[in-house]
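Asker: Build me a model from this:
(chains A and B)
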Amino acid sequence: MSNLLWLLPAFPFLGFVLLTAIGKRLSSRHVALIGVGSITLAGIVSLILGISLLQHPLEHYSHTLWIWIDIGNFQPGMGLYVDTLAMVFLFVITVVGALIHVYACEFMEKDPDYSRFMSCMNLFVCAMLLLVMADNFLLLYLGWEGVGLCSYMLIGFWYEKPANGYAARKAFTMTRLGDISLAIGMMYLFYEFNSLNIAKIVALAPEQWALQPQTALIVTLLLLGGALGKSAQFPLHNWLPDAMAGPSPVSALIHAATMVTAGVYLIARMHALFELAPAVQGLIAIIGAVTLLLAGFSALVQYDIKRVLAYSTISQIGYMFLALGVGAWTAAIFHFMVHAFFKALLFLAAGAIIEALHHEHNMFRMGGLKSKLPLIFWTFLIASASLAAVPLLSAGFYSKDQILWYTLAGQYGNPVLYSMALVGALLTAAYTARMMLLVFWGQAKSQVLRPPGTRMSLPLIILALLTSLAGFLEFPHNFFHFTPFSDFLNSSLPLTSVKEQGFSEGISQVLAAVMTFVGAYIAYYFYHLRPNLLPVLKEQSWLLFLQQLWLKGWYFDQLYDFLWVRPFQWITAKNKEDVIDGWYSSLTSATRTMSDSLSLLQSGSLRWYVMGMVLGAILLLSLQILL
Amino acid sequence: MNTPDNIESILLLAALLFCIGMAGVMIRKNILFMLLSVEVMLNASGLAFIAAGAYWGQPDGQVMFLFILAMAAAEVSIGLALILQIYHLHRSLDIDKIKEMNG
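Answerer: Okay, the predicted model is just below:
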C-alpha cells in the first residue's frame, strides 16, 4: 500500500505538466480528459488507500521517495505519510476535487484559457495533497506555498479585470502574512529538535517542553499564525470574501476541499504541540468563536450570493477552530468533512445559478427559481439544510451539534464560548434561510438563459448524496452508540475528554435545534411574511449603520487600509527617490566627475603627450638628484 | 679591450644627441621627422651603452646595443607602415591636424 502513496500527488502533477506544456495545442475535449482524469485517478488511489486503512485503522503508511536536501543533520526528504487523519483529508480533497473538476469542465468550456484553468486546478490539488501527505515540515510548507500560489493564479484567473487582480493580490498578501509566521515557527522547531520530521517532533515535544512552557507557547502561536492566514480566521479573514473574484469552481475548491482547511489540518496534525500550550488552545477557541460571529453577521446582509457563501465559510471554519480550541479534535475534522461536501455543493450550485442567469450575482435580482431550476433547487436545499443544521435530517446537525456540545462540556469548554456558538447557529440558520428565500422563492426577476448540462448536474447530485449520507457516520452519544468516524480517527487524534456537567447533551441538542428554527423563522418573517418591513426598519439610522457595517465586513478592509496600506504607500511615496540608494549614486556621480575631468588630459594631440613624458622624466630625474 | 679615457665626453655626446632627438620629437610637425628624431634618441642611448660597456670591460653594453638595433629596425618598419596608413587616410603628415583620439 505504501508504494501507492506517491501516485496521489503524481497524477495531478502530471496533469499540470502536460496541460502547461501542450495544453494550448490540445482540443478542449483532451484538456478535459487530462484535467479531470488526473484527479479522478488520484481519487481512485485514495479510495483504495481508504478502504485498506478502514480495515486496519491503527496502521499508517509512509514512504520516503528521496532525500530532498542533505546538509549535515538537516535531511528533509520527499517523505509521504498517511494516517487516518490525513486519509480523511485525502478523501475529501480528491473526491470533492474530482467532482469540482467534472463540473468545471463544462463550466469553463467556453473560456479561451480552458487549459490554463485546468492546469492550475490540477496543481492546486497536487499542492494540497503534498501538504496533507507530508511527513516533514519542509514538504508541508512546499504544499502550503503551492496552495497559496495556485489560489493567486486562480482568483486572478480573469486577469483582464483589474478588480480580480487586486483580489488575487490581496489573498496572496494576507495569507503570506500567515505563511511568514509559519515559516518562522518551522525554523524554531528545527532549532529545538534538529529535525523537521513531524512524527519525531510530536514524539519528542512533550518530554522536551515539559520544563519550558514558554517555548511551546511561542511555537504554537507561530503555527497558529500560519493557520489563521490560510484558514481566513480573524484577524486575517478578510481576503476570503474578495476571493470570490475567481470562477465558481475555484471558489468551491478553495472553500471546500483545499486551501482554507489547511489551517485546520495543520492544527489537528500538530495537536500534540497545542496540547502543551493550553493558553494557545484557549486562544484558538476564542478566535474561532469571534470569527464565526463576525462572519455570521456579515453574511446576514450581503447581496452577492457568493459573498454570503464566503462569509459562511469563514463562519463554519470558525466552528472548526472553536472545536480544535476546546480539544474536540474529531468533531472539528467531522465538521470539516461535512462542510466540504455541502459547501462545495453550495458553491457549485450557486455557480450554476449565476451562469443560468447570465452572470447575475445579486440575490435580490434572482427569485422564483424553485420551479425553473428544480435540480439546483433540491440540491441547494439539501446543502442549505446541512449548513443551517436542520435537526436529525441533515449532516450539518450531527457535526455542528457535536461541536456545540464539546464547546460546553469539552476540556476547555465554557458557557461563554457555548453561547457565542449558539448565537452563531442562529445566524447561520437566518442567513441560509434568507438566501434560500431570496433565490428560490418570490417572484422571478431574471430570465433563465441556460439550465446546467449533465456534467454540471452530475457532481451536484453526487455531492447532495454525500451531504445527506455523511451525517450518519457519527451519531451523538446520547442517541445510540454508533461513531465509526471518530473511532476511525482515534488512531491519530486523541479522544475528546468531557468534564462533568449538570447540563445534559440532550438539552444542548434541543437548544441548537431551537436556534436553527428561530433563525430560519426570523429570515422567513422578514423576507417572506412581511417583506415590507425591511425598508421601514432601514429608516432607523442605527439599523442602517449596522447593515452597512456588516455589509462591509465590519470595515476590516478600511481598518487595514488605514493601518497598513496607507502608511506603506506613504513610505513608498516618500522613498520614491530611494533614500538609501542616494549615497551609492552620489559615489558613482563623484567618480564620474573626476573621470570626466581627467579624460580632458587625453587631448589626442601627440605633442602634449611627448611634453608630458619629457616633463615627467625631468621631474623624476631632478627628484633623484635632489633627494 | 681598451678602456676609454674620456668617458665623460662620450656620455656628454650621447646626452647631446638624446636632447637633439627629443627636441626634434617635440618641435617637428611632420610625423616622418618625428620618427627620425626618435631614431636619433635610440642611437644616443645605444652610444651610451657602448661607452659604458667599454668602460667596465663588459660585453653587456654591446649586447644591449644589438637589442636596441633590432628593436629600432622593427620599430621603424611598423612606424613607417603606420605613417603610410595615416597619410592614406588624412592626406597629410601634419601631427597637429591629427587629433581624433581625444577623450
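
Asker: Rounded mean pLDDT for whatever helix or strand A:Leu49 lives in, please.
Answerer: According to DSSP states H and E, A:Leu49 maps onto helix A:28-55. What helix A:28-55 shows for mean pLDDT is 88.

Asker: Please identify the buried residues of it?
Answerer: A:30-32, A:34-43, A:45-46, A:49-50, A:53 (16 or more other CB atoms under 10 Å in any protein chain shown). C-beta coordinates here come from the backbone N, C-alpha and C atoms, glycine included.

Asker: Next: stretch B:19-35.
Answerer: In stretch B:19-35, counting by 16+ other CB under 10 Å, buried: B:Gly21, B:Met22, B:Gly24, B:Val25, B:Arg28, B:Ile31, B:Met34, B:Leu35.

Asker: Am I right that the first one sits in a helix?
Answerer: Yes: secondary structure assignment places B:Gly21 in a helix (DSSP: H, G, I helix; E, B strand; the rest coil).

Asker: Can you verify my assumption that it contacts B:Ala44?
Answerer: Yes: counting by CB atoms under 8 Å, B:Gly21 touches B:Ala44, with 6.1 Å between them.

Asker: Next one, pLDDT for the residue lying closest to B:Asn30 once chain neighbours are set aside please.
Answerer: Computed as CB to CB, 6 or more residues apart in numbering or on different chains, the closest residue to B:Asn30 that is not its neighbour in sequence is B:Leu93, at 5.0 Å. pLDDT for B:Leu93: 87.

Asker: gap between B:Leu93 and chain A?
Answerer: To chain A, B:Leu93 is 12 Å away according to CB to the nearest CB, to the nearest Å.

Asker: does A:Val390 sit in a helix, a strand or a coil?
Answerer: coil.

Asker: Report the contact partners of it.
Answerer: By CB atoms under 8 Å, 6 or more residues apart in numbering or on different chains, A:Val390 lies in contact with A:Gly396, A:Phe397, A:Thr516.

Asker: ok, 10 Å please
Answerer: Residues near A:Val390 by CB atoms under 10 Å, 6 or more residues apart in numbering or on different chains: A:Leu381, A:Ile382, A:Ser384, A:Gly396, A:Phe397, A:Ala429, A:Thr432, A:Ala513, A:Thr516, A:Phe517, A:Ala520.

Asker: follow-up on the earlier one: out of the buried residues of stretch B:19-35, which is nearest to A:Leu460?
Answerer: Set against A:Leu460, the nearest of the buried residues of stretch B:19-35 by CB to CB is B:Ile31 (95.1 Å).

Asker: If I follow the layout properly, that closest one ends up in contact with B:Gly24?
Answerer: No: counting by CB atoms under 10 Å, B:Ile31 sits too far from B:Gly24 to count as a contact (11.7 Å).

Asker: Now do the most centrally placed residue in chain A against A:Leu266, distance only.
Answerer: Centroid check for chain A by CA atoms, centre = their mean gives A:Val260 as the closest residue, at 1.8 Å. A:Val260 is 12 Å from A:Leu266, where distance means CB to CB, to the nearest Å.

Asker: what about stretch A:320-334, distance to the chain center?
Answerer: 17 Å (CA atoms, centre = their mean, to the nearest Å).

Asker: Figure out the length between the terminal residues of that stretch.
Answerer: 9 Å (CA to CA, to the nearest Å).

Asker: And residue 72, what's its pLDDT?
Answerer: The chain I'm using is chain A. 80.

Asker: Switch to chain B, please.
Answerer: Reported pLDDT for B:Ala72: 93.

Asker: need the contact list for it.
Answerer: B:Val38, B:Glu39, B:Met41, B:Leu42, B:Asn43, B:Gly46, B:Gly79.

Asker: Please identify the helix or strand for it.
Answerer: helix B:60-90.

Asker: What residues sit buried inside that helix?
Answerer: B:Gly61, B:Met64, B:Phe65, B:Ile68, B:Ala72, B:Gly79, B:Ile83, B:Ile86.

Asker: hmm, back to that, need the overlap of contacts for A:Val260 and A:Leu266.
Answerer: With CB under 10 Å, 6+ apart as the test, A:Val260 and A:Leu266 both reach A:Lys230, A:Ser231.

Asker: Spatially nearest residue to residue 39 (excluding sequence neighbours)?
Answerer: Assuming you mean chain A. Of all residues not flanking A:Ile39 in the chain, A:Ala98 sits nearest, at 4.4 Å (CB to CB, 6+ apart).

Asker: wrong one, chain B
Answerer: Nearest to B:Glu39 is B:Ala72, by CB to CB, 6+ apart, at 6.3 Å.

Asker: do A:Cys150 as well
Answerer: A:Phe124 (3.8 Å).

Asker: so the one you found sits in a strand?
Answerer: No: assigned with three-state DSSP, A:Phe124 falls outside any strand and is helix.

Asker: For it, give me its contacts.
Answerer: A:12, A:16, A:93, A:97, A:146-147, A:149-151, A:153-154, A:250, A:253-254, A:257-259.

Asker: what do you get for A:Leu463?
Answerer: Contacts of A:Leu463 (CB under 10 Å, 6+ apart): A:95-96, A:99-100, A:103, A:252, A:256, A:340-349, A:379, A:382-383.

Asker: do you know how far it is from chain B?
Answerer: Separation of A:Leu463 from chain B (CB to the nearest CB) stands at 78 Å.

Asker: Close to chain A: what parts of chain B are there?
Answerer: Proximity of chain B to chain A, by CB under 10 Å from any CB of the partner chain, involves residues B:22-23, B:25-29, B:31, B:34, B:37-38, B:95-96, B:98-103.
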